[in-house]
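1. Structure for this input, please:
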Amino acid sequence: MASESLIGGLLPREGAAMRVDAIDETWDRSSADTAAADDMAPGHTERASQHNALLRLLAAALDCVPRPEPWLDKRLDWDALIAVAAAGRLLTHVYEGAMICGIDAPQSLRDAARAFRGRALLVNSVNLSTIQRVTAALDQSGLPFVLIKGPLQLHTLYGDYFIRPSTDIDLLVDDHDYDRTASALARLGYRVAQRCESRWWRHYLGEQHFMASDAALATVDLHHRVQQPGCPAPRELATYIRDSSRVGLGHAEVPVLSGVHACLLMAISFVKAVYHREHSMRYLCDLTRMLRGMDEKERLRLLLAADRQGLRNQLIFAWRSAADLLSVASPPVPPPEGAALIGRAELAVMTLTPESAAIRWPRRRELLWHLCDPRGMLGRLGPYSREAAFAAAAEYSRLRND
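-> Here you go, the predicted structure:
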């Protein structure tokens, strides 16, 4: 939870404010011994081969360039690879990468990819029809909002609504419009899920799940925040809504994030997944795809927006992670330079198989310190203190269940 290593101390450790590079040397000691033993285990080489194959296939899917096959281990456990890809919602990418590389993949990969796409077709079709109904109602009420993530973003990135299933619809509104938006959803038969009625959900997480009484409608996640406690949050969200653009969906036009804000949200989602030790590779694939489609002026606007939002270090962390793992031609990672927080091999395991007990996760307070942008005379200390205090208050609220 967010309290782990954030409530225990304001700074990552004594002297960390002066020695940022020391972050690289401190890991979650609860798994360090396991990791050392696992490195010597017989399955370690096989897992490394599996991760290498997955990264090559993902890269081929992203840039449509075949990779020569010497990297493909003939003893590769395709069933294990398929299971990892499915858990990370990467099966479509992996299958496309295998086709691009001309690999004679087993029938099990074809079957898994077909079933995965079938689920995406079923789930995302419901989402798309729900988006039309919900956005029409919100537009009629005169409420400013923007759709974030989901099948519309997939279509923007890949020209395909069904690359992977989206479990629900995510709407972002200003905090001042939250109650009015909730009322508009209620008129469509939506109600807040009982488990989301606490202050912890509404105030600290900044979102609530709205369940539909109509089985033909998808769940709506209503947000007024896009980052969870314990990670740097954007300084303001008004521009995410104001700078949105409308895209066609059937006979309707619905608001989606600009390319700049979509990139920032991908970086935020990646950091959130790393923080909570969840599958995160799909966010790096999306970020790589978006960055490759931007021209120099758009990337400059992205960096300027990241600076204004206090998200530059967060963006660069995700950007660098994508560059380290995915061997595709991409724009160079912008400054600041410096030692990577996580080594490439460790990062591959974290993003592809985060459930592994062998991972040496960085302490969460040190991850937060690394991601905070310096600001004013106090540098990182000011933003870090605010985020750590907010995370501590959120954890207290969660434990009280208020």
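2. hey, which helix is longest across this protein?
-> Determined from DSSP state H, the single longest helix within the chain is helix 107-140.
3. I'd like to know how far Tyr158 sits from Ala61.
-> Distance, Tyr158 to Ala61, using CB to CB, to the nearest Å: 9 Å. No exception for glycine: its C-beta is placed from N, CA and C like everyone else's.
4. Those two: who's more crowded?
-> Ala61 (26 against 19; other CB atoms under 10 Å).
5. need the contact list for that one.
-> Ala61 makes contact with 92-94, 96-97, 100, 285, according to CB atoms under 8 Å, 6 or more residues apart in numbering.
6. Now do the buried residues in the longest helix of the chain.
-> 109, 112-113, 116-117, 120, 123-124, 126-128, 130-131, 133-135, 137-139 (16 or more other CB atoms under 10 Å).
7. quick one: the strands in the stretch 201-350 of the chain?
-> 207-212, 220-223, 245-249, 252-256 (DSSP state E, counting those that start in this stretch).
8. ok, and which of those has the densest surroundings?
-> strand 220-223 (a mean of 22; mean count of other CB atoms under 10 Å).
9. what helices or strands is that strand leaning on?
-> Counting contacts by 3 or more CB pairs under 8 Å, 6 or more residues apart in numbering; DSSP states H and E, strand 220-223 packs against strand 169-172, helix 178-187, strand 207-212.
10. following the longest one, which helix or strand shows up next?
-> Right, helix 178-187. strand 190-192 (DSSP states H and E).
11. and that next one, what's its mean pLDDT?
-> For strand 190-192, the mean pLDDT works out to 97.
12. Note down every partner strand of it and its orientation.
-> Strand 190-192 has its sheet partners listed here by DSSP bridges as strand 207-212 (antiparallel).
13. Tell me how far Ala340 lies from Pro362.
-> 11 Å.
14. Neighbour count: the two, which is higher?
-> Each of Ala340 and Pro362 has its neighbours counted (other CB under 10 Å); Pro362 has more, 24 against 14.
15. On the three-state scheme, that one is what?
-> coil (DSSP: H, G, I helix; E, B strand; the rest coil).
16. thinking Gln50 is in contact with Leu81, fair?
-> Yes - Gln50 is within contact range of Leu81, at 5.3 Å (criterion: CB atoms under 8 Å).
17. want to try CSV for the contacts of Ala61, with distance to Thr351, secondary structure and pLDDT as columns?
-> Output for the contacts of Ala61, formatted as CSV (distance: CB to CB, whole Å; DSSP: H, G, I helix; E, B strand; the rest coil; pLDDT from 0 to 100):
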residue, distance to Thr351, secondary structure, pLDDT
Thr92, 17, helix, 97
His93, 13, helix, 97
Val94, 14, helix, 97
Glu96, 19, helix, 97
Gly97, 16, helix, 96
Ile100, 21, helix, 95
Cys285, 10, helix, 98
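18. Adding neighbour count and distance to Tyr240 as columns, could you present those in a markdown table?
-> Below are those laid out as a markdown table (neighbours: other CB atoms under 10 Å; distance: CB to CB, whole Å):
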| residue | neighbour count | distance to Tyr240 |
| --- | --- | --- |
| Thr92 | 20 | 27 |
| His93 | 25 | 27 |
| Val94 | 27 | 31 |
| Glu96 | 19 | 30 |
| Gly97 | 27 | 32 |
| Ile100 | 18 | 34 |
| Cys285 | 27 | 22 |
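19. Need phi/psi at Ser166.
-> Note on Ser166: its backbone torsions stand at phi -110, psi 120 [degrees, to the nearest 10].
20. Check Leu90 too.
-> Given degrees, to the nearest 10, the pair of backbone angles that Leu90 has is phi -120, psi 10.
21. who's in contact with it?
-> Leu90 neighbours (CB under 8 Å, 6+ apart): 54, 58, 84, 164, 281-282, 285.
22. cool, Arg56 as well?
-> Applying CB under 8 Å, 6+ apart, the residues near Arg56 are 67, 71-72, 97, 101, 327.
23. Mind checking which of these land in helices?
-> Per DSSP H, the contacts of Arg56 map to helices at Gly97.
24. Quick check: closest non-adjacent residue to the residue nearest the centre of the chain.
-> For the chain, Ser269 is the residue whose C-alpha lies nearest the centre (CA atoms, centre = their mean; 2.6 Å). Using CB to CB, 6 or more residues apart in numbering and skipping residues adjacent in sequence, the residue nearest Ser269 is Tyr283, 4.8 Å away.
25. The one you found reaches Leu265, doesn't it?
-> No - at 9.2 Å, Tyr283 does not count as touching Leu265 under the criterion of CB under 8 Å.
26. picking up where we left off before, let me know the closest of the contacts of Ala61 to Pro354.
-> Pro354 lies nearest to Cys285 out of the contacts of Ala61, by CB to CB, at 15.7 Å.
27. Touching, that closest one and Leu325? I think so.
-> No - using CB under 8 Å, Cys285 is not in contact with Leu325, being 9.6 Å away.
28. For the helices and strands packed on strand 220-223, could you give me JSON lines that also reports mean pLDDT and distance to Leu347?
-> Below are the helices and strands packed on strand 220-223 laid out as JSON lines (pLDDT from 0 to 100; distance: least, CB to CB, whole Å):
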{"stretch": "strand 169-172", "mean pLDDT": "98", "distance to Leu347": "26"}
{"stretch": "helix 178-187", "mean pLDDT": "97", "distance to Leu347": "36"}
{"stretch": "strand 207-212", "mean pLDDT": "97", "distance to Leu347": "28"}
